[in-house]
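# sharing a model that was predicted from the sequence below.
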Amino acid sequence: MTYASLATGLLLAGGRGARFDPSGLQNKLLAPLADGTAVARAAAHALLTCVPYVIAIVRPGAEALAHLLNEAGCEVIFAADAERGIGASLAAGVRASPDANSWIVALADMPWVMPSTIESVARRLDEGASIVAPRYRGQRGHPVGFGPQHGAVLSRLDGDVGARTLLASPELTMIDVDDAGVLTDVDTPADLRRPPT
């Protein structure tokens, strides 16, 4: 770890991944990438490279995923509301870390984000920026950093909208990065072997 951020990492891993496996039998976050690493473990590893404390939010019943993320170094919480969407998972993570200095929110189905990108977001957040996000070729990506002043709003999010309203505010600081991973998630089995471009 070259830089240890003051932020708390939130790894959102509560979705069902219906597009990956409509039957619901296979959790895409446990699926192996081309190098054999599980999707969620790769995402957790990248976040843990500069955020020493990471809370992973999973849905009830996802014990295998919880075990994998715990082994990777995350604290794991089960969010009963995770079924309602990304906003509910994010809120659960913020409520579980009331003393956090700030938060860096990453998605467990985005395993190709470069640690250097996470460090850039973390540094800007630690320097006092209110909201920080990476931008690749003009498109905003993940992870996103939020300062402590947004804790109350984040803790009340629900559904699948997430923090879009906050991200539309003039308080957003964008960092241009050369990292296609900030836009690349795993939606289908074919994505597992397709690195970001």
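Looks like it arrived, so ask away. Quantities reported herein were computed from a predicted structural model and do not represent experimental measurements.
# what lies in contact with stretch 51-59?
For stretch 51-59, the surrounding residues in contact (CB atoms under 8 Å, 6 or more residues apart in numbering) are 1, 4-5, 7-16, 40, 44, 47-48, 65-66, 69-70, 73-79, 82-83, 89-90, 92-93, 96-97, 104, 108, 118, 122. Where you see a C-beta, it was placed from the backbone N, CA and C, and this is true even at glycine.
# and the contacts of the lowest-mean-pLDDT helix or strand in the chain?
Here the helix or strand of the chain ranked lowest by mean pLDDT, DSSP states H and E is helix 164-167, holding a mean of 84. With CB under 8 Å, 6+ apart as the test, helix 164-167 has contacts from Ile131, Ala133, Arg140, Val144, Phe146, His150, Val153, Leu154, Leu172.
# helix or strand right after it?
Following helix 164-167 in sequence order, the next helix or strand is strand 172-176 (DSSP states H and E).
# show me what that next one is packed up against.
helix 115-126, strand 131-136 (3 or more CB pairs under 8 Å, 6 or more residues apart in numbering; DSSP states H and E).
# may I see the buried residues of it?
Leu172, Ile175 (16 or more other CB atoms under 10 Å).
# now stretch 132-143
Val132, Ala133, Pro134, Arg135, Tyr136, Gly141, His142, Pro143.
# hmm, back to that, which pair in the contacts of helix 164-167 spans the largest distance?
Maximum pairwise distance among the contacts of helix 164-167 (CB to CB): 18.5 Å, between Arg140 and Val153.
# pretty sure Ala42 is in a strand, no?
No - assigned with DSSP: H, G, I helix; E, B strand; the rest coil, Ala42 falls outside any strand and is helix.
# burial count for it?
Neighbour count for Ala42, taken as other CB atoms under 10 Å: 21.
# which residue ranges of this structure form strands?
For the chain, strands defined by DSSP state E occupy the ranges 8-13, 54-58, 75-78, 103-107, 131-136, 139-140, 144-146, 172-176.
# relative to strand 172-176, how tilted is the fifth one?
Right, strand 131-136. Going by axes from the mean of the first three to the mean of the last three CA atoms, to 10 degrees, strand 131-136 is angled at 30 degrees with respect to strand 172-176.
# now do the same contact list for the spatially most central residue of the chain.
With distances taken as CA atoms, centre = their mean, the chain has Ala106 as the residue nearest its mean C-alpha position (1.5 Å). By CB under 8 Å, 6+ apart, Ala106 lies in contact with Gly9, Leu10, Leu11, Leu12, Ala43, Ala46, Leu47, Val113, Ile118, His142, Pro143.
# tell me how far the residue lying closest to it once chain neighbours are set aside lies from Pro170.
Of all residues not flanking Ala106 in the chain, Pro143 sits nearest, at 3.9 Å (CB to CB, 6 or more residues apart in numbering). For Pro143, the distance to Pro170 (CB to CB, to the nearest Å) stands at 20 Å.
# just Ala56 next, same as before
Distance check for Ala56 against Pro170: by CB to CB, it reads 31 Å.
# who has more neighbours, the two?
For Ala56 versus Pro170, the count of surrounding residues by other CB under 10 Å is larger for Ala56: 30 against 6.
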